[in-house]
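**Student:** Here's my sequence, what's the structure:
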Amino acid sequence: MNSDEIELLVVRYNKKLYFSRRNANSDWLKNAIKNPDVRVEINGQNFVGKASLIKDDSLCKKISKLKYEDEKRANEHRVVLEVTLD
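**Tutor:** Numbers count the residues shown, from 1 in each chain. Here you go, the predicted structure:
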């Protein structure tokens, strides 16, 4: 893994990729907001796309429920980043 690579849980939903955090304080999230052209590797396969923050609370809740089996974590407020693939 390179220094500019990180490992995250991903949710695939409606042909898009979603990543989330409890807050917006992580470097990867700040970088994706500042530079929305992103590259994502999943199981050795590379994808490129545009990242954007989700403002729709119902979509954020849906992504959390898909990401976490634990009801407590699934119901926590999260910042969600959507990647629309090219």
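**Student:** Give the buried residues for the helix or strand hosting residue 82.
**Tutor:** Per DSSP states H and E, residue 82 falls inside strand 79-85. In terms of neighbour count (16 or more other Cβ atoms under 10 Å), strand 79-85 has its buried residues at 79-83. C-beta coordinates here come from the backbone N, C-alpha and C atoms, glycine included.
**Student:** In its sheet, which strands sit next to that strand, and in what direction?
**Tutor:** Partner strands and pairing direction for strand 79-85 (DSSP bridges) are strand 16-21 (antiparallel), strand 45-53 (antiparallel).
**Student:** ok, and which of these has the densest surroundings?
**Tutor:** Among these, strand 16-21 has the highest mean neighbour count (mean count of other Cβ atoms under 10 Å), at a mean of 20.
**Student:** Name the surrounding residues that touch that one.
**Tutor:** Counting by Cβ atoms under 8 Å, 6 or more residues apart in numbering, strand 16-21 makes contact with 8-12, 29, 40, 42, 47, 49, 54, 60, 63-64, 66-67, 78-85, all of which sit outside it.
**Student:** That concludes my questions; thank you for your assistance.
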